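A.B. asks: next come a sequence and a model predicted from it.
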Amino acid sequence: MHGNDASHHELKPSVVVGVIDVEKGTPSDNDRLEHGGNANLGHYEASCGKEGPVKSPASTPGIGTAGLKQFHKYPLLLIGPVILFCLLTGLCTFGVVYAAKDSYDMEQRRAKDAALSAADGLAKQLSSASRTALSMVAVVKVNPDWPFLESRFDELSKELFRQSEKQSQHEDSLGLMQLALLPFGRVRALKSKYFDSNVTYDVFSPEHIHAFKPVDTINAGTLYIDGPNLLSNGVSTFMAGYPIFFSDTDEDQSWGHPDNISHPTGCPGPPCYYPETREKFWGFAAAVVNAESTLAGDSVHLNRLLSDDLSYTLTVSNPGWDRDKTKTFVSGGPNPEKVSANVTVGLPGNAWALSVYNPRLDEIVNLRKGLVAMVVVVSFILSGLLSLLLFSSKRASVLLHEQLVTNKLLHEEKESREALLGRQLDLIACFEQNTKANEKKTSGQQNTLGNGGALTWL
């Protein structure tokens with residue numbers, strides 16, 4: 001009895017241990033499997049003799065999102081867009097500035113050429129006055145005696161008026177209005193075409209010397225053009241005058257002057273007479289032309305400037321003026337105060353300046369500014385698009401890498417779950433096998449005990 005009891009009691013722990021192992025181990029593993037966590041069954045000691053660790057998959061990290069809002073993560077990607085922006089801006093700006101400079105220089109040369117052409121035309125218009133004055137000088141040089149010149153003056157003036165009128169039909173010249181001879185600076189012969197004038201005056205007198213400045217003209221010793229001047233009848237004119245000198249002449253030479261004088265008023269010596277060279281001043285030969293058309297801007301040369309969309313200003317300078325040293329006597333166009341080119345009108349003894357403004361120069365400057373701004377904007381847009389493309393490519397690359405890592409982890413977790421499932425099936429089979437073995441042993445022991453009791457009883 002006692003021996004059988006001991007055998008019986010020795011079998012129970014084995015069964016209990018197997019049941020406890022299954023009850024403690026299997027639910028815990030199933031719980032890990034249901035929650036998708038790491039499964040680690042450890043080492044199981046069962047009567048079937050199977051044991052071993054189950055591999056645990058690594059924990060799955062969170063998938064990062066790299067986008068355009070995280071530029072600081074990929075600073076090197078900005079190098080390409082920055083280089084593209086600098087190249088586009090630099091090259092295109094250089095091209096725009098170079099082309100604008102060529103256009104600007106061309107328009108500036110165009111304005112300069114137009115100003116030179118107009119200045120030459122204006123000087124040519126006044127050539128009728130200068131040629132007429134020089135023609136009278138030639139006559140005086142032939143015979144400077146006043147009785148001879150006075151007797152021939154009417155005939156000479158008619159011929160000069162006729163030539164001037166004939167010339168004006170073929171050339172753009174100003175109309176000749178007056179001819180005058182001024183022996184010793186006094187007007188003694190005066191002929192007007194459109195009105196009669198018997199005015200006589202002395203340009204060396206105190207009331208006229210500041211206006212005509214005859215001493216300055218004598219010192220210059222060459223042809224001069226003065227004006228615009230206003231005549232007594234209200235007509236504006238330009239005057240061409242020439243100082244006439246004779247060498248090897250006595251100081252008291254009068255050339256038959258009607259006023260019985262031998263020198264200008266207040267000028268007995270230099271510059272009217274030089275004793276060393278015996279050069280003596282005879283007087284002036286002057287021609288007056290109409291300046292109304294030029295002052296009104298009605299000139300073919302000035303109109304050509306306006307037809308070319310150019311503005312102009314014609315000024316005259318005289319350092320001897322008391323107040324304004326420069327005066328504007330004609331201007332035209334919408335912006336005559338602006339200057340693109342400034343040229344000097346070639347007039348003897350005078351300082352005329354013609355300023356021309358070309359509005360296309362400002363248009364070129366404004367266009368250049370607009371094009372440079374457009375280049376910067378377009379370069380910025382293209383650089384931005386390149387940045388988006390690079391960051392999108394980088395983000396796609398990162399996402400692809402993370403997807404591959406995720407797929408690998410999922411595959412490892414799948415293998416772990418399959419191993420865990422196989423282990424569970426092995427445990428179940430082990431449990432069933434142990435259960436059947438225990439049942440057989442228990443049944444055998446009971447039969448042995450039953451047979452032993454019967455024998456004893458017998």
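C.D. replies: Good, I have the coordinates.
A.B. asks: tell me which residues of stretch 104-117 come out buried.
C.D. replies: 104, 107, 108, 110, 111, 112, 114, 115, 116 (16 or more other C-beta atoms under 10 Å). Glycine gets a C-beta too; all of them are placed from N, C-alpha and C.
A.B. asks: helix or strand for the fourth one, just tell me which one.
C.D. replies: Taking DSSP states H and E as the definition, residue 110 sits inside helix 79-125.
A.B. asks: what's the answer for residue 206, then?
C.D. replies: Judged by DSSP H and E, residue 206 forms part of no helix or strand.
A.B. asks: what about it, neighbour count?
C.D. replies: Residue 206 is surrounded by 9 other residues when neighbours are defined as other C-beta atoms under 10 Å.
A.B. asks: how much space between it and residue 362?
C.D. replies: Plainly put, residue 206 is 51 Å away from residue 362 if you go by C-beta to C-beta, to the nearest Å.
A.B. asks: now swap in residue 84 and tell me
C.D. replies: If you measure residue 84 against residue 362 using C-beta to C-beta, the figure is 33 Å.
A.B. asks: show residues contacting stretch 208-221.
C.D. replies: Stretch 208-221 is contacted by residues 185, 201-204, 224, 226, 241, 243, 245, 264, 267, 271-272, 281, 284, 320, 349 when judged by C-beta atoms under 8 Å, 6 or more residues apart in numbering.
A.B. asks: which among those end up buried?
C.D. replies: When burial is judged by neighbour count using 16+ other C-beta under 10 Å, the buried members of the contacts of stretch 208-221 are 185, 202-204, 224, 226, 241, 243, 245, 264, 267, 271-272, 281, 284, 349.
A.B. asks: any stretches of the stretch 351-458 of the chain with poor pLDDT?
C.D. replies: Scanning the stretch 351-458 of the chain with the threshold set as pLDDT under 70 gives 444-458.
A.B. asks: buried sites along stretch 350-368?
C.D. replies: By neighbour count, and taking 16+ other C-beta under 10 Å as the criterion, the buried residues in stretch 350-368 are 350, 352-361, 364, 368.
A.B. asks: hang on, the earlier thing: okay, the buried residues of stretch 104-117 in CSV with pLDDT and distance to residue 212 next?
C.D. replies: Formatted as CSV, the entries for those read as follows, by pLDDT from 0 to 100; distance: C-beta to C-beta, whole Å:
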residue, pLDDT, distance to residue 212
104, 90, 45
107, 91, 42
108, 90, 39
110, 91, 40
111, 90, 36
112, 91, 35
114, 90, 34
115, 90, 30
116, 90, 31
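A.B. asks: tell me the one of those nearest residue 430?
C.D. replies: Of all these, residue 430 sits closest to residue 104, with 99.0 Å by C-beta to C-beta.
A.B. asks: which residues touch the residue nearest to the closest one when sequence neighbours are not counted?
C.D. replies: For residue 104, the nearest residue in space outside its immediate sequence neighbours is residue 364; the separation is 5.0 Å by C-beta to C-beta, 6 or more residues apart in numbering. Contact criterion C-beta under 8 Å, 6+ apart gives 100, 103, 104, 107 as the residues in contact with residue 364.
A.B. asks: wait, the first one touches residue 366, no?
C.D. replies: No - look at residue 100 against residue 366 with C-beta atoms under 8 Å: they stay out of range, at 10.1 Å.
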